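Participant: Got a sequence here, can you build the structure:
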Amino acid sequence: MKISTKLAHFSSPLYLESGRILEPYTIAYETYGELNSDNSNVILITHALSGSHQAAGKADSSNKVGWWDDLIGDGKAVDTTKYFVICTNVLGSCFGSTSPMSNNYPSHQPFRLKFPVLTIKDMVKAQILLLSSLGIYKLKAIIGGSMGGMQALQFAVDYPYLSEHIVSLAATDETRAWAIAFNKVAIEAIRQDPRFLSGNYEKDAFLEQGLSGLAIGRIAGHISYLSPKSMDKKFARDYVSNDGLFELFGRYEVERYMEYNTANFSKYFDPLSYLYIVKAINTFSLQRGYDSKEEAILRIKSNIHLISFSSDYLFFSSEMSEFHELLIANNISSTYEDVQSDYGHDAFLVEVYKFEDKIREILK
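Facilitator: Here you go, the predicted structure:
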């Protein structure tokens with residue numbers, strides 16, 4: 001599989017939903033496979049909150065495998081011997097695209113809290129401009145999970161003739177109060193950490209020790225990404241062998257797992273990026289900008305494919321099911337499948353084998 005990682009620089013202004021302007025800006029992206037002669041074999045992959053443009057394979061010497069490598073590659077469901085696959089790092093993220101810690105041109109100081117609030121609509125608009133710069137105006141499919149699934153649906157509404165198929169997994173048509181409440185834990189944990197310095201920390205300040213506030217907030221995220229059954233199966237009531245049961249801060253294995261994974265996450269993910277992306281997730285609603293949800297979805301011309309997971313405790317299956325019924329009631333082409341899984345929200349990342357045949361069928 002041919003992998004290419006690039007940065008695209010844009011000097012023209014990007015007009016944001018808030019009314020503010022981002023200028024100039026950069027988008028990091030990665031491609032897999034070969035573009036055919038008439039640019040008709042393109043699939044766009046959209047990533048979740050903590051994801052990046054590195055969706056498959058190993059693009060560098062770090063040996064880190066792309067986050068959806070089980071789905072994308074030669075002979076896989078998204079077959080890179082047939083399709084030219086693009087994945088971009090969303091604006092606001094800390095993996096190469098313009099973000100709060102990028103320099104606020106023309107100064108050489110980071111934006112920090114002067115960075116504009118972004119929405120899912122803004123992220124999608126920036127990707128449209130990237131595709132146009134590459135001479136790509138028609139897609140075979142847009143596929144994304146979680147926040148990536150939100151982007152996929154936003155593409156369907158805002159750019160109705162862009163893609164033949166839209167595949168949205170483990171997502172929703174608008175973020176509900178339950179998910180916003182989970183995100184609030186992370187927001188406040190970051191803001192209240194004294195080392196956060198109200199966003200005035202230096203670049204790479206947390207590479208060695210991480211930021212405790214982000215790590216604590218990420219624990220809430222991890223809980224929402226898993227499910228009670230998956231936790232019971234993975235950890236049960238096992239206790240850390242060298243921690244005393246009657247020590248006040250002795251730990252169960254599930255506690256140690258949360259500590260280890262979230263501490264590592266806080267060393268490589270920028271806390272301001274986390275705040276800005278969470279804000280974009282919280283504000284997501286396909287209806288915003290239209291008089292009603294029906295008016296928004298009546299713009300859709302793509303074939304919509306919705307995939308939920310039965311144990312998802314972040315974006316519930318019922319949200320996808322209700323949205324599917326609304327699409328059908330308005331004569332929008334839509335399929336829906338609720339995948340039976342005990343893994344929770346993260347099943348779209350770790351249980352690819354449960355839905356890869358569905359993706360193959362869609363792409364035929």
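
Participant: Just list the residues touching the residue sitting nearest the centre point of the chain, thanks.
Facilitator: Nearest to the geometric centre of the chain sits A48, at 1.1 Å (CA atoms, centre = their mean). Contacts for A48 (CB atoms under 8 Å, 6 or more residues apart in numbering) come out as G144, G145, S146, M147, G148. Quick note: C-beta positions are derived from backbone N, CA and C, even for glycine.

Participant: Out of those residues, which sit inside strands?
Facilitator: G144, G145 (DSSP state E).

Participant: Mind giving me the ChimeraX select for the contacts of A48, buried ones only?
Facilitator: A single ChimeraX command selects the buried members of those (16 or more other CB atoms under 10 Å):
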select :144,145,146,147,148
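
Participant: What confidence value was assigned to K58?
Facilitator: K58 carries a pLDDT value of 85.

Participant: Looks like F206 contacts S273 (just checking).
Facilitator: No - with contact defined as CB atoms under 8 Å, F206 does not count as touching S273 (11.8 Å).

Participant: circling back to that earlier point, let me have the contacts of A48 in CSV, extended by distance to V78 and pLDDT.
Facilitator: Below are the contacts of A48 laid out as CSV (distance: CB to CB, whole Å; pLDDT from 0 to 100):
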residue, distance to V78, pLDDT
G144, 12, 98
G145, 13, 98
S146, 17, 98
M147, 19, 98
G148, 13, 98
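
Participant: Just the closest of the contacts of A48 to D357, please.
Facilitator: Each of the contacts of A48 was checked against D357 using CB to CB; the closest is G145, at 16.5 Å.

Participant: ok, the closest one - contacts?
Facilitator: For G145, the contacting residues are A48, S168, L169, A170, A171, F348, L349, by CB under 8 Å, 6+ apart.

Participant: separation between the first one and R299?
Facilitator: This means A48. 25 Å (CB to CB, to the nearest Å).

Participant: Over to the fifth one?
Facilitator: Applying CB to CB, one obtains 18 Å for the distance of A171 from R299.

Participant: do the same with the last one
Facilitator: Distance, L349 to R299, by CB to CB: 30 Å.

Participant: Those two: which has the busier surroundings?
Facilitator: L349 (19 against 15; other CB atoms under 10 Å).

Participant: isn't there a strand covering that one?
Facilitator: No - per DSSP: H, G, I helix; E, B strand; the rest coil, L349 lies outside any strand segment and is helix.

Participant: Which residue, other than its chain neighbours, is closest to it?
Facilitator: Nearest residue to L349 in three dimensions, chain neighbours excluded: W67, at 6.5 Å (CB to CB, 6 or more residues apart in numbering).

Participant: thought the one you found was touching A55?
Facilitator: Yes - taking CB under 8 Å as the definition, W67 is a contact partner of A55 at 6.0 Å.

Participant: Overlap of the contact sets of those two?
Facilitator: Common neighbours of W67 and A55 (CB under 8 Å, 6+ apart) are H47.

Participant: Can you pick out the residue with more neighbours from these two?
Facilitator: The neighbour comparison of W67 against A55 (other CB under 10 Å) goes to A55, with 29 against 20.

Participant: Now do the strands in this protein.
Facilitator: So, for the chain - with DSSP E - the strands run 3-10, 14-15, 21-22, 25-32, 42-46, 72-73, 78-79, 84-88, 139-145, 163-169, 303-309, 334-339.

Participant: and the ones you listed as TSV, adding distance to S97?
Facilitator: TSV is the format used below for the strands of the chain (distance: least, CB to CB, whole Å):
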stretch	distance to S97
strand 3-10	9
strand 14-15	12
strand 21-22	11
strand 25-32	5
strand 42-46	13
strand 72-73	20
strand 78-79	22
strand 84-88	7
strand 139-145	16
strand 163-169	21
strand 303-309	27
strand 334-339	30
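
Participant: nearest to G250, of the ones you listed?
Facilitator: The nearest among the strands of the chain, by CB to CB, is strand 303-309 at 33.6 Å.

Participant: what's that closest one packed up against?
Facilitator: Judged by 3 or more CB pairs under 8 Å, 6 or more residues apart in numbering; DSSP states H and E, strand 303-309 is in contact with strand 163-169, helix 317-329, strand 334-339, helix 347-350, helix 356-363.

Participant: how much does that strand deviate in direction from helix 356-363?
Facilitator: Relative orientation of strand 303-309 versus helix 356-363 (axes from the mean of the first three to the mean of the last three CA atoms, to 10 degrees): 170 degrees.

Participant: Strand 303-309 - what's its average pLDDT?
Facilitator: On average, strand 303-309 scores 98.

Participant: How about stretch 152-169?
Facilitator: Rounded mean pLDDT across stretch 152-169 is 98.

Participant: Give me the buried positions along that stretch.
Facilitator: So for stretch 152-169, counting by 16+ other CB under 10 Å, buried means 152-159, 162-169.

Participant: Just give me how far stretch 268-287 sits from the chain centre.
Facilitator: The chain centre lies 10 Å from the centre of stretch 268-287; the measure is CA atoms, centre = their mean, to the nearest Å.

Participant: sorry, back to before: among the buried residues of stretch 152-169, which one lies nearest to S341?
Facilitator: Using CB to CB, the buried residues of stretch 152-169 come closest to S341 at L169, 11.4 Å.

Participant: so that closest one touches D312, yeah?
Facilitator: No - L169 is beyond contact range of D312, at 9.8 Å (criterion: CB under 8 Å).

Participant: List the buried residues for stretch 95-112?
Facilitator: Buried residues in stretch 95-112 (16+ other CB under 10 Å): F95, G96, S97, T98, S99, P100, M101, S102, P110, F111, R112.

Participant: Nothing else from me, thank you.
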